[in-house]
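S.K.: sequence below, structure please.
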Amino acid sequence: MEGLTLRQRGKNHLLPWLAATFLLGGYGYFLVRNTAFSVGGSDSSGYMNTARRLVAGTLVGTPRTLERYALSNDLLQIFIPLGFVEGPRPGTMAPYYPSGFPAHMAAAALLLGWQRGPFLVAPFVALLSVPLFYLLARELSLSRAWAAAATAVFAGWPVLIGQAIQPMSDATATFWALAAVLCAVKSRHRTAWALGAGAALGIADSCCPASRD
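M.R.: Predicted coordinates:
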């Protein structure tokens with residue numbers, strides 16, 4: 001009888017985790033199903049072009065049109081794409097945005113190809129942010145019920161969803177900012193976590209400087 005009771009307790013303990021895994025999987029499917037696999041505007045196109053130039057090793061270089069038609073450097077401003085500014089040398093351009101998020105996109109492209117990889121970064125890190133938010137809530141002494149409720153509100157936040165389904169840096173910065181806070185809270189008990197907090201904060205800042213606020 002005692003063996004059955006322990007087994008029943010184990011099953012009851014496992015059910016919430018199975019339900020959470022199922023819900024998280026459904027949330028991930030929803031994000032990927034609605035993700036935009038294209039760029040538009042200065043932000044997303046600037047990130048993508050920066051990622052491509054990171055891989056090519058031409059982060060600072062001459063616009064292709066200027067090179068192709070052997071035009072004068074005086075026409076540089078006409079051919080600089082969105083997300084770039086005039087570079088340090090005459091006739092060159094450089095990225096306007098920080099390189100953190102483009103680096104994530106470049107890594108994903110090397111793994112999954114340029115057609116899909118860069119566009120899956122935002123939904124993937126948004127998905128990972130959900131359990132990270134729950135862990136942070138628990139670390140801040142919220143009960144399981146309150147932590148789950150807060151996590152559900154966070155996952156359903158329209159701003160998070162909106163940024164998770166397009167190639168923007170906000171979801172990635174959110175993930176690393178949450179990681180930084182979680183590590184910082186944990187460092188109260190074990191100082192080694194402070195290293196993780198500093199690293200995560202640095203990555204968050206390289207994705208979106210506003211994340212430092």
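S.K.: tell me which residue is most central in the chain.
M.R.: The residue lying closest to the centre of the chain (CA atoms, centre = their mean) is residue 172, at 1.8 Å.
S.K.: in what helix or strand does it lie?
M.R.: Using DSSP states H and E, residue 172 falls within helix 170-186.
S.K.: return that helix as CSV; C-alpha atoms alone will do.
M.R.: The C-alpha coordinates for helix 170-186 follow below in CSV (Å, rounded to 0.1, in the frame of the first residue of the first chain):
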residue,chain,number,x,y,z
ASP,A,170,13.9,42.9,-28.4
ALA,A,171,13.0,39.2,-27.6
THR,A,172,16.7,38.3,-27.6
ALA,A,173,17.6,41.2,-25.3
THR,A,174,14.7,40.2,-23.0
PHE,A,175,16.0,36.6,-22.8
TRP,A,176,19.5,37.7,-21.8
ALA,A,177,18.2,40.4,-19.5
LEU,A,178,16.1,37.8,-17.6
ALA,A,179,19.1,35.5,-17.5
ALA,A,180,21.2,38.4,-16.0
VAL,A,181,18.6,39.1,-13.3
LEU,A,182,18.2,35.4,-12.5
CYS,A,183,21.9,35.0,-12.2
ALA,A,184,22.2,38.1,-10.1
VAL,A,185,19.6,36.9,-7.7
LYS,A,186,21.2,33.5,-7.4
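S.K.: can you mark which positions in it are buried?
M.R.: By 16 or more other CB atoms under 10 Å, the buried positions in helix 170-186 come out as 170-184, 186. Every residue, glycine included, has its C-beta placed from N, CA and C.
S.K.: and residue 52, how many neighbours?
M.R.: Neighbour count of residue 52, defined by other CB atoms under 10 Å: 16.
S.K.: which SSE is it in?
M.R.: Assigned by DSSP H and E, residue 52 belongs to helix 41-56.
S.K.: outside of that helix, which residues touch it?
M.R.: 39, 59, 61, 81-84, 95-97, 99, 101-103, 105-106, 109-110, 114, 118, 166-169 (CB atoms under 8 Å, 6 or more residues apart in numbering).
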